[in-house]
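Colleague: Give me the fold of what follows.
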Amino acid sequence: MYILKIRYYRILHNLSQRQLAELIGVTQSYIARLESPQRVQSPTLHVLEKLSDLFDIELSDLVKKNIVICIVIISGIRYLKIISNA
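Modeller: Got it, this is the predicted structure:
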């Protein structure tokens with residue numbers, strides 16, 4: 001579940017994968033692997049801490065599994081939205 005939440009917060013902060021990678025000191029390909037639907041990479045605790053600091057959220061917000069994320073398509077553009085944190 002890390003995948004969609006990382007992508008959600010990245011898009012919310014209007015960052016490309018490359019920009020996010022530069023801000024937290026990893027490669028763009030690492031971010032792409034974190035966001036991959038196949039989840040070919042799991043984030044380290046160090047990366048999760050950097051992400052939570054950057055996005056100004058609690059670390060637990062990135063790792064909670066009980067979150068509902070909605071994908072909305074408006075005029076052909078995909079938006080990710082957290083609609084519930086049950």
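Colleague: Could I get the average pLDDT for stretch 45-65?
Modeller: Mean pLDDT, stretch 45-65: 86.
Colleague: actually stretch 14-30, sorry about that
Modeller: Rounded mean pLDDT across stretch 14-30 is 96.
Colleague: what residues are up against the residue nearest to residue 23 when sequence neighbours are not counted?
Modeller: Spatial nearest neighbour of residue 23, excluding adjacent residues (Cβ to Cβ, 6 or more residues apart in numbering): residue 54 at 5.8 Å. (Each C-beta comes from the backbone N, C-alpha and C, glycine too.) Remark: with contacts taken as Cβ atoms under 8 Å, 6 or more residues apart in numbering, residue 54 is in contact with 13, 20, 23-24.
Colleague: measure residue 54 to residue 62 for me?
Modeller: According to Cβ to Cβ, to the nearest Å, residue 54 and residue 62 sit 11 Å apart.
Colleague: Not counting its neighbours along the chain, what's nearest residue 10?
Modeller: Closest to residue 10 by Cβ to Cβ, 6+ apart is residue 20, at 5.1 Å.
Colleague: same question, residue 17
Modeller: In space, residue 17 is closest to residue 31, 4.4 Å off (Cβ to Cβ, 6+ apart).
Colleague: same question, residue 26
Modeller: residue 47 (6.6 Å).
Colleague: do the same with residue 58
Modeller: residue 52 (6.3 Å).
Colleague: buried sites along the one helix or strand the one you found maps to?
Modeller: Using DSSP states H and E, residue 52 sits within helix 45-55. Within helix 45-55, the residues scored as buried using 16 or more other Cβ atoms under 10 Å are 47-48, 50-52, 55.
Colleague: Mind putting those residues into TSV with distance to residue 5?
Modeller: TSV is the format used below for the buried residues of helix 45-55 (distance: Cβ to Cβ, whole Å):
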residue	distance to residue 5
47	13
48	10
50	14
51	9
52	11
55	10
